[in-house]
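A.B. asks: following is a predicted model, sequence given first.
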Amino acid sequence: MRKIKLSGREIDIVRAIDFSLGTLGGEIMERTHIDRAELIDILNSLMDIGFIETDSTAPRIDYGALEETVFQVNPSYVLDLKEAIKRR
């Protein structure tokens, strides 16, 4: 098991994503109350690391595509991310 360290905002975002079905970016924004620009930066960072994925083929999320994009937790990291969230 990998030891994953997440910031508070990253934990909020991962908690907002449904681990089995994924969650729309608009729903994540509503659940976390994080500013759109900051949310996009954090989501792109989590995607770069490989912790989350999208249903689109775009490697990064931009300002206009956030609300319609479905975000999912990468199945390879599910157990590790659940453990990281529990530790907080």
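C.D. replies: Happy to help now that I have it.
A.B. asks: from A84, how far off is I11?
C.D. replies: 7 Å (Cβ to Cβ, to the nearest Å). The C-beta positions use only the backbone N, C-alpha and C, and glycine is treated the same way.
A.B. asks: settle it for me: which of these two has more neighbours?
C.D. replies: Between I11 and A84, counted using other Cβ atoms under 10 Å, the more crowded position is A84 (19 against 16).
A.B. asks: tell me the pLDDT at the more buried one?
C.D. replies: Looking at A84, its pLDDT reads 88.
A.B. asks: same check, this time on K3
C.D. replies: Reported pLDDT for K3: 84.
A.B. asks: neighbours of it, how many?
C.D. replies: So K3, with other Cβ under 10 Å, has 8 neighbours.
A.B. asks: and D55, by the same measure?
C.D. replies: For D55, using other Cβ under 10 Å, the count is 11.
A.B. asks: do the same with L39
C.D. replies: Neighbour number of L39 under other Cβ under 10 Å is 21.
A.B. asks: please report how far it lies from A58.
C.D. replies: From L39 to A58 the distance is 16 Å (Cβ to Cβ).
A.B. asks: host element of the closest residue to R15 other than its chain neighbours?
C.D. replies: Nearest non-adjacent residue to R15, counting by Cβ to Cβ, 6 or more residues apart in numbering: I85, 6.1 Å away. Using DSSP states H and E, I85 maps to helix 78-86.
A.B. asks: just the residues contacting that helix, thanks.
C.D. replies: Under the criterion Cβ atoms under 8 Å, 6 or more residues apart in numbering, residues M1, R2, I4, K5, L6, I11, V14, R15, F19, F51, V73 lie in contact with helix 78-86.
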